[in-house]
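Participant: Next input, structure requested:
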Amino acid sequence: MRFVDVRQVPAPVDQVWAALHDTSVLRRVIPGCERLSPLGPGSYAATLSARVGRLADTYRGDFEIVDLRPGAALVVRVNARGRCGRLELDLEVRLDRGRTVSSTMLAYDAHARVGGLVARLGTAPLTIAGGHLTGCFFRDLDRTVTAAGAGRSEQRLRASA
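Facilitator: Have a look, this model is predicted:
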């Protein structure tokens, strides 16, 4: 399955880049993330729970972030297994200045592969679930960086008063 989209995030590129490398932010914005433990720079042991239709499972595996061009492009790789099958994800993300100075244009191209019992659900439900999970990730990333930006603005106002 493939998911491609461009999202506008209301925060500067450097702030979005930092959020995509912050373990605590990733734990909050990755749908179903139960555990994300650093193993080394950009490498994590992950536990994710997911539900597609009547089938629910917990996946354990590796989560890796590879910087292609620091501040501008990265790749996320996920390889995980659960009782009902396996999940592999390759996600390319490109960050560019958005329509305004304080926004980021975030383009992504995700390739997801599933195997085992979960693959028997068929393309339609898996595509719907994948689209939903992708939407949740970017919605929560948007909320997180927006809240962080508002917090920094409030601190600057207090400091100048």
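
Participant: Quick check: end-to-end length of stretch 15-27?
Facilitator: Stretch 15-27 has an end-to-end distance of 17 Å (C-alpha to C-alpha, to the nearest Å).

Participant: Please apply the same query to stretch 14-29.
Facilitator: 18 Å.

Participant: quick check, distance from it to the centre of its chain.
Facilitator: 9 Å (C-alpha atoms, centre = their mean, to the nearest Å).

Participant: Going by neighbour count, list what's buried in that stretch.
Facilitator: With burial defined by 16 or more other C-beta atoms under 10 Å, the residues of stretch 14-29 counted as buried are 15, 16, 17, 19, 20, 25, 26, 29. Glycine gets a C-beta too; all of them are placed from N, C-alpha and C.

Participant: Stretch 102-116 now?
Facilitator: 103, 104, 105, 106, 108, 110, 112, 114.

Participant: For the second one, give the beta-bridge partners.
Facilitator: Yep, that's residue 104 we're talking about. residue 9, residue 97 (DSSP bridges).

Participant: For stretch 16-30, which outside residues touch it?
Facilitator: 9, 11, 33, 36, 38, 42, 44, 46, 48, 65, 70-71, 74, 93, 95, 104, 106, 137, 140-141, 144-145, 148 (C-beta atoms under 8 Å, 6 or more residues apart in numbering).

Participant: Just the ones of these in strands?
Facilitator: 9, 33, 36, 38, 44, 46, 48, 65, 74, 93, 95, 104, 106 (DSSP state E).

Participant: Next up, the contacts around the second one.
Facilitator: Residues in contact with residue 33, defined by C-beta under 8 Å, 6+ apart, are 26, 27, 46, 47, 48.

Participant: Would you list the phi and psi of residue 58?
Facilitator: Note on residue 58: its backbone torsions stand at phi -120, psi 130 [degrees, to the nearest 10].

Participant: that older thread, going by distance to residue 124, which of the buried residues of stretch 102-116 wins?
Facilitator: residue 114 (13.2 Å; C-beta to C-beta).

Participant: Understood, closing this out.
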